[in-house]
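Engineer: Output the structure for:
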Amino acid sequence: MREDIDIKKALIALGVFILMIIGLKFVILYIAFGVDDFNDYTIKTKYGDEFKISFDSFKVQSMVTPVNGQNTQSYFCFVVKFKPSKDDFVGLKHTSELTVYRLGRYTIFMDKDGWQYFDVDNAPKYPEVAQAVMKNLLCDTRYFSANIEPLLRSREYRDEARKVIKLIKAKRYDELMDYGLSEKSLEDKDFLDSLHREAVSAQG
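Structural biologist: The predicted model follows:
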């Protein structure tokens, strides 16, 4: 009799375990395929460029892909850790031959070769982009940390970038207004402290 009870309990436990496995499998499949986490939309900037945004609400990140001017040699897209709006595409420069935007910590630009990132590899080749970045370098600490290295590696802007770092470290912020630092930023101690830490880190 005792053995029958033990066997019955074991069968019940096994049945519950199997049901849990099956239930977990359905939950995983539902999350992976059944929930529409993506919100696709298009943004048209003030310069007339269009970007397709695919926002993943589960990961809280967006895939950004330009609709116009795509490089025929390679596919250009990138991921940002937020849901962009039109106002997040900050225009830094716009001519008939060159357009430059700041989006979060990224600098992206389009010329005759299509869309590109501003980075250590192409900074020397695009002095106009480097100049636009330099003029906006201190608008945000994340933007500073992401773009100071390409400037430091650029022959044309290396000395100026070092000068900016030196002034930040010396806390001579009033001399940095030409680099995107605003009057509001000067009153934000947390921002200035963070900028100082990034400058120290950038110099190594």
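
Engineer: how near is the closest residue to Pro66 other than its chain neighbours to Thr107?
Structural biologist: Spatial nearest neighbour of Pro66, chain neighbours left out: Trp115 (4.9 Å); criterion: C-beta to C-beta, 6 or more residues apart in numbering. Glycine gets a C-beta too; all of them are placed from N, C-alpha and C. Distance of Trp115 to Thr107, given as C-beta to C-beta, to the nearest Å: 11 Å.

Engineer: returning to what we had before: next, count neighbours for the residue nearest to Pro66.
Structural biologist: 23 (other C-beta atoms under 10 Å).

Engineer: just the one 3 residues further on next, same as before
Structural biologist: A count of nearby residues for Phe118, using other C-beta under 10 Å, gives 23.

Engineer: And Asp121, by the same measure?
Structural biologist: Asp121 has 11 nearby residues by other C-beta under 10 Å.

Engineer: any idea whether it is helix, strand or coil?
Structural biologist: coil (DSSP: H, G, I helix; E, B strand; the rest coil).

Engineer: got a pLDDT number for it?
Structural biologist: If you check Asp121, the pLDDT there is 89.

Engineer: same deal with His94?
Structural biologist: pLDDT at His94 comes out at 96.

Engineer: Could you give the number of residues near the residue lying closest to Ile148 once chain neighbours are set aside?
Structural biologist: Among residues not flanking Ile148 along the chain, Ala202 sits closest, at 4.7 Å (C-beta to C-beta, 6+ apart). Ala202 has 19 neighbours, counted by other C-beta under 10 Å.

Engineer: which residues in the chain form helices?
Structural biologist: 2-29, 127-135, 141-152, 158-169, 183-186, 189-203 (DSSP state H).

Engineer: Between the two ends of stretch 111-123, what distance do you get?
Structural biologist: 14 Å (C-alpha to C-alpha, to the nearest Å).

Engineer: Check stretch 97-113 too.
Structural biologist: 10 Å.

Engineer: buried sites along it?
Structural biologist: 99-104, 106-111 (16 or more other C-beta atoms under 10 Å).

Engineer: Ignoring the adjacent residues along the chain, who's closest to the residue minimising distance to the centre of the chain?
Structural biologist: Note on the chain: the residue nearest the mean C-alpha position is Val80, at 3.7 Å, using C-alpha atoms, centre = their mean. Using C-beta to C-beta, 6+ apart and skipping the chain neighbours, the partner closest in space to Val80 is Gly104 (4.9 Å).

Engineer: One more: Cys139?
Structural biologist: Of all residues not flanking Cys139 in the chain, Gly180 sits nearest, at 3.9 Å (C-beta to C-beta, 6+ apart).

Engineer: Roughly how far does Asp159 sit from Val129?
Structural biologist: Where Val129 is concerned, Asp159 sits at a distance of 18 Å (C-beta to C-beta).

Engineer: Could you check which of these two is surrounded by more residues?
Structural biologist: Shown here are Asp159 and Val129; by other C-beta under 10 Å, Val129 has more neighbours (24 against 11).
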